[in-house]
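*Asks:* Below: sequence and its predicted model.
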Amino acid sequence: MKLDHTSLMTKEQTIFNHLGSKIKLKDREIDIITRLEEPLVLVLGNVLSNEECDELIQLSKDKMQRSRIGAAREVNNMRTSSGMFFEESENELVHAIEMRVSDIMGPSIEHAEGLQILKYLPDQEYKAHHDYFASTSKASKNNRISTLIMYLNDVEEGGETYFPKLGFSVSPQKGMGLYFEYFYENTELNELTLHGGAPVVKGEKWVATQWMRKQRVR
Ligand SMILES: O=C(O)CCC(=O)C(=O)O
Ligand SMILES: [Fe+2]
């Protein structure tokens, strides 16, 4: 996008609405480590504790299945990881994380989909994609508006989350979060949130993803 006077003056409203370099919650301070504007992309420190990361992995370990994609829920080379969804507020830990995540992201918990867990082994990846649904799909009637990816472990090598149109990537660090939103009037800004999970080279990669919908889902 051309960064001229007009575009600066017409900077769009964001969903994320915390000011300053920290997000001060009742029980926790989240650090804003990196911030890109338009589209807004944030790298957040201290989103989850080590214990919470370990527990999420323990709770989902035996329920992981080959990831499926799209309305037809097909197995696809786009995403070679395995994954699972927790039911909404399935247990105390998931409920606590959903509450924290909604404080960070803005929309109330009623807008949150069930928390998704993904696991990647070496060579597994998630090719570049948008998290929102195409306007032609049924699901777009109550589309996703924002994403928070939480890294549940340190990856020995590879597994970066990359944004090819922004020339930006994030190396997974246990407990860290990656936030971005795509509810802009200017659809070109939404398209810039194209992102993927690069192949893991060494070790495993575990992430938890929270998506927010425009309207309530619960
Ligand atoms: O694994 C990653 O780094 C990306 C995950 C992702 O894009 C998603 O869950 O929608
Ligand atoms: Fe994604």
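*Replies:* Received, thanks. Ligands and ions are numbered 1, 2, ... in the order given.
*Asks:* Grab the nearest non-local neighbour of the residue of the chain found nearest ligand 1.
*Replies:* Closest residue of the chain to ligand 1, C-beta to the nearest ligand atom: Gly197 (3.0 Å). Every C-beta, even on glycine, is put in place using the N, C-alpha and C of the backbone. Leaving aside its chain neighbours, Gly197 sits nearest to Tyr126 (3.8 Å; criterion: C-beta to C-beta, 6 or more residues apart in numbering).
*Asks:* swap in Gly114?
*Replies:* If the residues on either side of it in the chain are set aside, Gly114 comes closest to Phe85, at 4.4 Å by C-beta to C-beta, 6+ apart.
*Asks:* what does the model give that neighbour for pLDDT?
*Replies:* The score at Phe85 is 94. That number is its pLDDT.
*Asks:* didn't it look like it was pressed against Leu115?
*Replies:* Yes - using C-beta atoms under 8 Å, Phe85 makes contact with Leu115 at a distance of 7.0 Å.
*Asks:* related to what we said a few turns ago, give me the number of residues near the residue nearest to Gly114?
*Replies:* One way to gauge burial is a neighbour count; for Phe85, by other C-beta atoms under 10 Å, it gives 14.
*Asks:* ok, and does the biggest helix by length in the chain reach over to ligand 1?
*Replies:* The longest helix of the chain (DSSP state H) is helix 92-105. No - looking at helix 92-105 against ligand 1 by C-beta under 6 Å from any ligand atom, there are no contacts, and the closest approach is 13.7 Å.
*Asks:* list the buried ones in whichever helix or strand comes after that helix?
*Replies:* Next along the chain after helix 92-105, taking DSSP states H and E as the criterion, comes strand 116-120. Buried residues in strand 116-120, counted by 16 or more other C-beta atoms under 10 Å: 116-120.
*Asks:* Mind listing residues that contact stretch 82-93?
*Replies:* Stretch 82-93 is contacted from outside by 52, 55-56, 59-60, 63-67, 94-95, 98, 109, 112-119, 218, using C-beta atoms under 8 Å, 6 or more residues apart in numbering.
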